[in-house]
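In: fold the following for me, if possible:
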Amino acid sequence: MENQRNVSEFIFMGLSSDQKIQMFCFVFFLFCYVAILVGNLLILVSIRCSVLFHQPMYYLLNHLSSMDICYTSCVTPKLISDLLLGRRTISYGNCMLQVFTMHFFGIIEVFVLTVMAFDRCVAICKPLHYMIIMNKARCDLLIVAAWAGGAIHAFSQFSMIVSLPFCGPNEIDHYYCDIFPLLKVACTDTYITGVLVAANSGMVALVTFVLLFGSYVIILFTLRNHSAEGRCKALSTCGSHITVVILFFGPSIFAYLRPPTTFPEDKIFSLFYTIIAPMFNPLIYTLRNTEMKKAMRRVWHQKIFSEEKHN
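Out: Numbers count the residues shown, from 1 in each chain. You can find the predicted model right below:
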């Protein structure tokens with residue numbers, strides 16, 4: 001632990017050293033973060049204030065929106081402030097905290113997406129037994145399991161990183177404290193640690209992706225026996241999920257399921273699962289969901305109408 005205290009802060013190399021690119025990134029990421037906050041808060045309020053909250057699909061969507069806000073808030077505000085102020089440092093303690101929270105909320109989001117795919121699979125393949133299988137107790141249990149899985153994963157990753165000595169170089173070729181860039185500046189041989197990280201994060205991402213892909217194969221196979229209208233509705237919902245899965249899991253698998261090394265492209269791929277995919281979640285789950293759009297119109301119309309009446 002004494003060696004670790006020799007490095008009190010880390011310096012991010014960031015996305016670019018060009019001033020114009022930095023200003024463009026500041027405006028773009030600020031827009032993305034505001035869109036994430038506004039979109040997910042609209043979903044949270046709309047679901048909470050409507051009867052949809054008692055339906056399993058929207059109960060899970062409520063948790064996904066919460067995780068989107070928590071997950072992106074681990075990185076994006078710091079990135080935006082660094083771009084605005086031209087400051088690229090982070091203390092050792094905050095860096096370790098960022099590692100933990102990113103993996104904690106990130107894995108919870110992964111598991112919630114998996115539960116949502118299971119929910120759609122049950123709804124389409126077992127419609128008559130849907131409310132029995134996806135009852136409130138089971139939904140609560142699945143969410144608790146997602147949080148427990150996130151905690152186990154995050155503590156295992158955090159324990160490997162926090163035990164490493166950092167006594168020399170402190171420049172990280174990234175815009176946040178990711179594990180592989182940190183391994184690169186540690187003052188010890190980190191090959192075994194890197195393999196363990198890849199086995200943990202990489203395999204979680206890959207296994208989850210395979211499970212999700214398998215659930216959609218089952219859904220598509222089952223849809224052959226549905227009416228044309230039922231197929232269109234189910235495919236629309238599944239299409240939304242598949243879009244989120246590709247945006248989130250594709251870059252994640254590339255980033256973690258490989259030998260412990262870093263590439264310049266890592267920062268670009270990281271943008272997809274830290275900012276871009278969470279930004280599209282509210283759009284995908286609202287604009288392509290008729291029930292959600294109706295609920296949002298009903299809730300916000302009532303709120304505006306009641307406020308005008310009160311005034």
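In: where does the protein dip in pLDDT?
Out: Along the chain, segments meeting pLDDT under 70 span 1-5, 226-227, 229-231, 233-238, 240-241, 259-264, 287-296, 299-311.
In: ok, and for whichever helix in it runs longest, which residues are buried?
Out: Secondary structure of the chain per DSSP state H: the longest helix is helix 92-125. Neighbour-count burial for helix 92-125, counted by 16 or more other Cβ atoms under 10 Å, picks out 92, 95-96, 98-124. For glycine as for every other residue, the C-beta is placed from the backbone atoms N, C-alpha and C.
In: can I assume residue 90 sits in a helix?
Out: No - assignment of residue 90 by DSSP: H, G, I helix; E, B strand; the rest coil gives strand, placing it outside any helix.
In: secondary structure element holding the closest residue in space to it that isn't next to it in sequence?
Out: Nearest residue to residue 90, sequence neighbours excluded (Cβ to Cβ, 6 or more residues apart in numbering): residue 10, at 5.4 Å. Assigned by DSSP states H and E, residue 10 belongs to strand 9-12.
In: partners of that strand in the sheet?
Out: According to DSSP bridges, strand 9-12 has the following sheet partners: strand 89-91 (antiparallel), strand 171-172 (parallel).
In: circling back: give me the distance between the residue nearest to residue 90 and residue 96.
Out: Separation of residue 10 from residue 96 (Cβ to Cβ, to the nearest Å): 10 Å.
In: hey, what's in contact with both of these two?
Out: Common contacts of residue 10 and residue 96 (Cβ atoms under 8 Å, 6 or more residues apart in numbering): residue 177.
In: quick one on the thing from earlier: buried residues in the helix or strand following the longest helix of the chain?
Out: Where DSSP H and E defines the elements, the next helix or strand beyond helix 92-125 is helix 130-133. Neighbour counts over helix 130-133 (16+ other Cβ under 10 Å) mark residue 130 as buried.
In: contacting residues around helix 130-133?
Out: 56, 122, 123, 126.
In: just the CA trace of that helix, in CSV.
Out: C-alpha atoms of helix 130-133 as CSV (Å, rounded to 0.1, in the frame of the first residue of the first chain):
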residue,chain,number,x,y,z
TYR,A,130,-46.8,-14.6,-18.6
MET,A,131,-48.2,-12.9,-15.5
ILE,A,132,-47.7,-16.1,-13.4
ILE,A,133,-44.1,-16.5,-14.5
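In: let me know the secondary structure of residue 77.
Out: Residue 77 falls in the helix class when you classify it by three-state DSSP.
In: distance check, the residue nearest to it when sequence neighbours are not counted against residue 244.
Out: Nearest non-adjacent residue to residue 77, counting by Cβ to Cβ, 6+ apart: residue 33, 7.0 Å away. From residue 33 across to residue 244, the span is 18 Å (Cβ to Cβ).
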